[in-house]
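**Student:** Make a model of this:
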Amino acid sequence: MDYKSIAKEIIELKKADLTLRDKLAQSGQLSEGYHEKMKELHNKNAKTLNNIIDKIGYPTTDKVGKEANEATWLVIQHSIGQPKFMKKCAKLLKRAVSENKAEPKDLAYLTDRIAVFEEKPQLYGTQFDWDENGKLSPNPFDDLAKVNKRRKSIGLHTLEEQIQIIRRQAKNENQSPPKDFEQRRQEIEQWKKNVGWKK
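**Tutor:** Okay, the predicted model is just below:
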């Protein structure tokens, strides 16, 4: 198996993702809902990565190296329109982490993202969204003390520190809250049903 060229292919998927994200951030379109071009790219990347995973299993560091392993996680994390794929990857990533072949924090972020889409409380508080007051805040989580304990165990900042970091980053990228909070909430609910996160 030519892991080198597979690693290169996975890194290219990540580059395409970040290039488009940067372009949308520059033009101020990043906070205007899930951009159609972004959606298309995320779905295309998920399909490509799924084919790779079917061929080689989860792209762990021992197979594809650190950079491609990190790129794998980013592609999965962004494949939000593919619930089955994300859940399949979460299982594979969990096994890879238990074998010390992937990062526990990657699993934390992916587990939280799936929990948010399934309307369950986060375990690590890694996922944020705009609140009614126009501030970026963590999506619902189970218990602050427990969350901070879990975060500490995998080398993450406290949730309080993370809130400051996320809000600063959004400001630097000129992100702004949705103009109509309620409309956006309804659009997200509809989207979740359309792609299969909700029945």
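
**Student:** mind listing the strands for this structure?
**Tutor:** Assignment of strands within the chain using DSSP state E yields the ranges 128-130, 136-138.

**Student:** Buried residues of the last one, list them for me.
**Tutor:** The one in question is strand 136-138. Residues of strand 136-138 classed as buried by neighbour count (16 or more other C-beta atoms under 10 Å): 136, 138. C-betas here are computed from N, CA, C, even on glycine.

**Student:** domains in the protein, as residue ranges please.
**Tutor:** 1-102, 125-199 (automatic domain parsing).

**Student:** With distance to Ala115 and mean pLDDT as added columns, please give those domains in JSON lines.
**Tutor:** Converted to JSON lines, the domains of the chain look like this (distance: least, C-beta to C-beta, whole Å; pLDDT from 0 to 100):
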{"stretch": "domain 1-102", "distance to Ala115": "10", "mean pLDDT": "94"}
{"stretch": "domain 125-199", "distance to Ala115": "8", "mean pLDDT": "93"}
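
**Student:** most neighbours per residue, which of those domains?
**Tutor:** The highest mean neighbour count among these, using mean count of other C-beta atoms under 10 Å, belongs to domain 1-102: a mean of 17.

**Student:** Pull the distance from that one to the chain's centre.
**Tutor:** 9 Å (C-alpha atoms, centre = their mean, to the nearest Å).

**Student:** do the same with stretch 164-182
**Tutor:** Centroid separation for stretch 164-182 versus its chain: 17 Å, with C-alpha atoms, centre = their mean.

**Student:** got the end-to-end distance for it?
**Tutor:** The first and last residues of stretch 164-182 sit 25 Å apart, counting by C-alpha to C-alpha, to the nearest Å.

**Student:** can you offset everything so residue one is 559?
**Tutor:** All set: I'll call the first residue 559, so the last point we hit is now stretch 722-740.

**Student:** Contacts for it next, please.
**Tutor:** Stretch 722-740 is contacted by residues 583, 586, 588-589, 591, 686, 688, 690, 692-694, 715, 742 when judged by C-beta atoms under 8 Å, 6 or more residues apart in numbering.

**Student:** one more time with 10 Å, if that's ok
**Tutor:** The contact list for stretch 722-740 (C-beta atoms under 10 Å, 6 or more residues apart in numbering) reads 579-580, 582-586, 588-591, 684, 686-696, 715-716, 742-746.

**Student:** So which of these belong to helices?
**Tutor:** Residues of the contacts of stretch 722-740 located in helices (DSSP state H): 579-580, 582-584, 742-746.
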